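>>> Build me a model from this:
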Amino acid sequence: MAINVALQRALDTLQENLGPELMEYMTDNNVTELMVNPDCSLWVDTFSKGCIDTGIKLAPEKTRQIIYCVASLTNQIIDEDKAPFLQAEIPDSHLFDSCRFQGELPSIVTSPSFNIRKHPKVILTFDDYIRSGTITPEQVQVIKQAIRDHQNIVIAGGTNSGKTTFTNSCLVPVGDMDDRVVLLEDTPELRCAAKNCISLRTTENVSMNQLLRITLRLSPNRIIVGEVRGEETFTLLTAWSTGHRGGITTVHSDSAIDTLYRLQEAIELVSMSPQQRKIGRAIDVVVYLRKSDRRRFVEEIISVEGFDQLKGEYITRRIG
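Model prediction:
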């Protein structure tokens, strides 16, 4: 990937500030996130063992230096009095895979701290998930059939349950089909090998909802959205229920059935009515991921078959 000289120097400086211990975790494909807490401890989240304490301690000044280095790299200002936090994206290069950075300075923390969320470099296949015990072969067949049948799938789960990584696994079979795929994201985390594929990203001036409206003019067969949480939910479900089948998105929720009510709450931000019938018509399958005991696994897959107006509840059936 070609990058300019100034950016390369900034990346070299960041590598130097991180040092060999942190860079080892940055280049480890098993590590998904690095976390330096105000007590100076370094934790890493991994695919194999979950979140673990590395035993490494970073001096507050070193942590502060890393935060300021990322601010300089991304042309932002961080100040303890006026702007004591930093949200940034470290660009893709030969030194780093693209990743999300969140840093904090006193007074919102007692000592400098940061998180680095790595975007996946290696796409895990369903076979990888079967070997790790994340999913059963029967559940894989259910999901593959839903993809082949152009059903709309919601990948749901709690914080850090692996929703995006699992979505990338679902996009592997999508990439083998002849559909025109449109990917919509806030940050570039999704990968699809489809020959006819376009990726769109939100900016400070372009919202996810606006991107979805643009997408409808791009003749998509499948609309893939990194995550829905606000007004874009209504626009996406409208598109999914009016001819654009075979989509995938992720939702933060506490269970498979709770996912439908989370979507309902998001729609209520822009609609006077909760639109349960639209949700019941647009969503075909919910795959719920859970993180527990330092491992991630597919807890449940449900088929959504509509909404019962008389009972006031969604009609669902467990299929995996």
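
>>> Might you report the residue contacts of Thr165?
When contacts are counted by CB atoms under 8 Å, 6 or more residues apart in numbering, Thr165 is found next to Thr32, Pro120, Leu124. C-beta: built from backbone N, CA, C; applies to glycine.

>>> Quick check: the gap between it and Val122.
Thr165 sits 10 Å away from Val122, taking CB to CB, to the nearest Å as the criterion.

>>> ditto for Gln87
26 Å.

>>> residue ranges with poor pLDDT in the stretch 1-150 of the chain?
Within the stretch 1-150 of the chain, the ranges that satisfy pLDDT under 70 run 1-3, 94.

>>> go with 50
Within the stretch 1-150 of the chain, the ranges that satisfy pLDDT under 50 run 1-2.

>>> Which parts of it are strands?
31-36, 41-46, 50-57, 85-90, 99-104, 113-118 (DSSP state E, counting those that start in this stretch).

>>> hmm, who's touching the last one?
The one in question is strand 113-118. By CB under 8 Å, 6+ apart, strand 113-118 touches 26, 31-38, 63, 66-67, 70, 86, 90, 97, 99-104.

>>> Also the first one?
The set of residues that contact strand 31-36 without belonging to it, under CB under 8 Å, 6+ apart, is 22, 25-26, 42-47, 51, 58, 63, 112-118, 120, 160, 165.

>>> make it 7 Å
Here strand 31-36 makes contact (CB atoms under 7 Å, 6 or more residues apart in numbering) with 22, 25, 42-47, 58, 63, 113-118.

>>> same question, the longest one
Outside of strand 50-57, the residues that reach it under the criterion CB under 7 Å, 6+ apart are Glu21, Cys40, Ser41, Leu42, Trp43, Val44, Asp45, Thr46, Arg294, Arg295.

>>> can you tell me how far the fourth one sits from Val36?
For Leu42, the distance to Val36 (CB to CB) stands at 5 Å.

>>> More neighbours: which of those two?
Taking neighbours as other CB atoms under 10 Å, Leu42 and Val36 compare with Val36 leading, 26 against 18.

>>> that older thread, tell me which of the contacts of strand 31-36 is nearest to Val174?
The closest of the contacts of strand 31-36 to Val174 turns out to be Phe47 (CB to CB; 21.9 Å).

>>> can you list the domains in this protein?
Following automatic domain parsing, one finds the domains of the chain at 5-118, 126-318.

>>> chain center to the last one, what's the gap?
What that stands for is domain 126-318. 11 Å (CA atoms, centre = their mean, to the nearest Å).

>>> end-to-end on it?
As for domain 126-318, its first-to-last residue distance stands at 20 Å under the measure CA to CA, to the nearest Å.

>>> List the contacts of the closest residue to Ile223 other than its chain neighbours.
Leaving aside its sequence neighbours, Ile223 sits nearest to Gly247 (CB to CB, 6 or more residues apart in numbering; 4.5 Å). When contacts are counted by CB under 7 Å, 6+ apart, Gly247 is found next to Asn152, Arg222, Ile223, Ile224, Trp240.

>>> Kindly recompute the last result at 6 Å.
Asn152, Arg222, Ile223, Trp240 (CB atoms under 6 Å, 6 or more residues apart in numbering).
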